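1. structure for this input, please:
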Amino acid sequence: MYLYKDLPVLQDDKYILLFNNATDGNDFVMAFDKAKNELPLQDDDDNHYLTIAFKRMNVALNLWEQAHKKEWYFRWTIIDKTIGDTIGIIEEIERADDDELSNYVWLKIDFEKRYEKYYENEKEIMHLLSLIVQPTFEFFACENIAIKIISFAKQRIKAVSNLGFIKLQNCPIKHDRTQSGVYYVLNKFNNTNENSTDSTEKSNILTDPKKLVARELKKAGFDKSTIKVPTRVFILADSLYDTMLSKNCGKYKYPLGGKLFVFDGNDSVGFIKGAMCSPAIATQAEDLIAGGVKELIHIGFAGGLQQNMNVGDIVLTDGAYNDTAVARLYGFDYDFIESTKSLTDELCKLLKNSKINHRRGKHWTTDAGYMETYAQVVEHRNKGTLCVEMEGVGLFTVANYRKCRSSAIYIISDILANDDWSIGWGENALDTGINKIIDTLILSIQK
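-> Numbers count the residues shown, from 1 in each chain. Prediction:
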């Protein structure tokens with residue numbers, strides 16, 4: 001098969017890779033940062049980025065199309081069948097420069113900005129590379145494939161290493177005599193079908209929460225395929241859950257993620273007692289999502305970090321700084337894990353309309369609630385972090401992984417000051433904050 005003429009299509013049960021014909025600037029710019037209305041392009045000669053205004057995109061695409069006709073490089077569009085959308089591009093360049101990577105095929109993957117958090121992980125990158133690596137050796141009749149990876153892209157490094165790529169010790173030298181980057185190389189003769197299969201199989205997840213959820217529901221007399229599970233579920237910390245129960249506003253319905261209650265008069269919304277710490281709430285979120293829940297909102301407690309905060313204050317979060325192990329195990333080895341903006345915006349509107357004073361911003365999730373140090377508090381305070389708690393990252397990670405909407409509201413229960421820990425449990429201000437949030441939620445559901 002002749003790559004540039006036959007324009008093959010590669011696909012499996014999840015992905016389709018097909019020729020990017022560069023006919024629409026809007027389609028191509030998707031793989032880059034649209035927020036700034038500009039496209040960064042890499043100049044491989046000196047490894048710096050040029051900025052091309054969006055209005056010139058179609059001109060640039062015409063140039064790229066001419067480059068394709070001259071067989072300088074080949075671009076694939078990545079389509080995820082499960083969502084029916086284009087998520088990024090793969091670019092392959094047959095390099096002929098006079099250096100250590102001469103006659104290698106360079107491979108580069110870029111994801112669309114809004115899909116990065118879902119696909120920029122070890123599992124998905126391995127999946128894509130497993131689909132394209134062997135055909136690349138055949139299409140280009142090459143013996144080596146090289147991928148350039150920045151040092152902090154840990155998930156990419158894990159993915160290529162699992163597939164047999166080896167870090168190149170002597171990287172190409174630029175004209176200014178500095179190294180042009182870190183490259184991982186796969187040799188054709190070290191890439192047998194057996195090895196590729198073994199590497200992929202090693203990354204396959206054996207457990208499936210849907211299987212266990214269906215089993216547990218069946219034991220309780222429910223058929224998962226016929227029951228109506230709430231679309232939105234509020235996950236409530238201990239005393240918040242107790243307060244909600246005391247309002248007699250809902251009924252216990254299903255053994256799903258715990259005891260799942262459904263609100264009276266609105267069976268599309270439910271509530272449940274939340275698990276404590278990121279690993280536990282991550283498992284609880286998995287069960288709820290496997291049962292059919294589409295939106296998860298955590299209402300919990302947190303320690304205030306800013307010096308002008310008080311017990312009973314309300315915080316609405318845009319996401320959490322990650323100080324946990326859960327995110328890494330799900331392939332989200334990032335410093336910050338986002339909540340869902342659209343859902344957080346909705347909660348912000350609810351609080352404002354209910355005349356509840358609150359702060360909106362970022363917070364910190366830790367796995368060790370009794371190991372928060374003065375240095376950590378000062379560091380987070382200086383970058384504007386509002387509070388610290390133990391569940392946010394676990395919830396947001398699973399929600400992002402499973403493509404479920406999620407957010408959180410926190411009531412400040414204690415204050416971490418410079419030299420003291422002020423505990424607010426039992427104070428009237430905390431009880432006022434609890435009742436204010438619970439009453440607001442009930443009223444919004446009944447409308």
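2. what segments of the stretch 301-447 of the chain are helices?
-> Assigned helices in the stretch 301-447 of the chain, in chain order: 326-329, 341-353, 374-382, 392-402, 428-446 (criterion: DSSP state H, counting those that start in this stretch).
3. one more: the stretch 151-300 of the chain?
-> Counting by DSSP H, counting those that start in this stretch, the stretch 151-300 of the chain has helices at residues 154-162, 193-203, 209-219, 238-246, 278-291.
4. what does the last one rub up against?
-> Translated: helix 278-291. For helix 278-291, contacts defined as Cβ atoms under 8 Å, 6 or more residues apart in numbering pick out 208-210, 212-213, 217, 224, 229, 233, 235, 254, 256-258, 260, 272, 274-275, 296, 298, 324-326, 330, 365, 367, 390-395, 397-399, 402, 404, 406. From N, CA and C alone the C-beta is placed, and that goes for glycine too.
5. cutoff 7 Å now
-> The set of residues that contact helix 278-291 without belonging to it, under Cβ atoms under 7 Å, 6 or more residues apart in numbering, is 209-210, 213, 224, 229, 233, 235, 256-258, 274-275, 296, 324, 326, 365, 367, 390-391, 393-395, 397-399, 402, 404.
6. so how do I select the buried members of the residues you listed in ChimeraX?
-> Isolation of the buried members of the contacts of helix 278-291 (16 or more other Cβ atoms under 10 Å) is achieved in ChimeraX through the command below:
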select :209,213,224,229,233,235,256,257,258,274,275,296,324,326,365,367,390,391,393,394,395,397,398,399,402,404
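7. would you turn the helices of the stretch 301-447 of the chain into CSV with mean pLDDT and distance to L107?
-> Listed next are the helices of the stretch 301-447 of the chain as CSV, based on pLDDT from 0 to 100; distance: least, Cβ to Cβ, whole Å:
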stretch, mean pLDDT, distance to L107
helix 326-329, 89, 25
helix 341-353, 95, 32
helix 374-382, 91, 38
helix 392-402, 94, 25
helix 428-446, 92, 49
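8. return the most buried member of the helices of the stretch 151-300 of the chain.
-> helix 278-291 (a mean of 23; mean count of other Cβ atoms under 10 Å).
9. where in the chain is pLDDT low?
-> When residues are selected by pLDDT under 70, those of the chain lie in 1-2, 21-68, 95-103, 170-181, 190-204, 447.
10. max-length strand in it?
-> When every strand of the chain is counted residue by residue (DSSP state E), the longest turns out to be strand 405-416.
11. so the helix or strand hosting L128 versus helix 154-162, what angle?
-> With elements taken from DSSP states H and E, the one containing L128 is helix 122-140. Orientation of helix 122-140 against helix 154-162 (axes from the mean of the first three to the mean of the last three Cα atoms, to 10 degrees) gives an angle of 50 degrees.
12. for helix 122-140, what is the distance to the chain centroid?
-> On the basis of Cα atoms, centre = their mean, to the nearest Å, the separation between the geometric centre of helix 122-140 and that of its chain is 22 Å.
13. got the angle for that helix vs helix 392-402?
-> 40 degrees.
14. look up which residues are beta-bridged to D85.
-> With beta bridges defined as DSSP bridges, D85 has these partners: D80.
15. run a quick neighbour tally on it.
-> Using other Cβ atoms under 10 Å, D85 has 13 neighbouring residues.
16. that older thread, turn the helices of the stretch 151-300 of the chain into a markdown table, columns for distance to I89.
-> Rendered in a markdown table, the data for these read as follows (distance: least, Cβ to Cβ, whole Å):
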| stretch | distance to I89 |
| --- | --- |
| helix 154-162 | 15 |
| helix 193-203 | 22 |
| helix 209-219 | 32 |
| helix 238-246 | 45 |
| helix 278-291 | 30 |
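17. got the phi and psi for the most centrally placed residue in the chain?
-> Against the mean C-alpha coordinate of the chain, by Cα atoms, centre = their mean, the closest residue is K117 at 3.2 Å. Summarising the backbone geometry of K117 under the convention degrees, to the nearest 10, its torsions are phi -70, psi -20.
18. ok, it touching Y401?
-> No. The pair K117 / Y401 is not scored as a contact, 9.1 Å apart, by Cβ atoms under 7 Å.
19. could you list the buried residues of the host helix or strand of I89?
-> Using DSSP H and E, the element containing I89 is strand 85-94. The neighbour-count criterion (16+ other Cβ under 10 Å) identifies T86, I87, G88, I89, I90, E91, E92, I93, E94 as the buried residues of strand 85-94.
20. do you know how far A220 is from D367?
-> Taking Cβ to Cβ, to the nearest Å as the measure, A220 and D367 are separated by 32 Å.
21. next: K218.
-> For K218, the distance to D367 under the criterion Cβ to Cβ works out to 34 Å.
22. before I go, just wanted to say thanks for your time.
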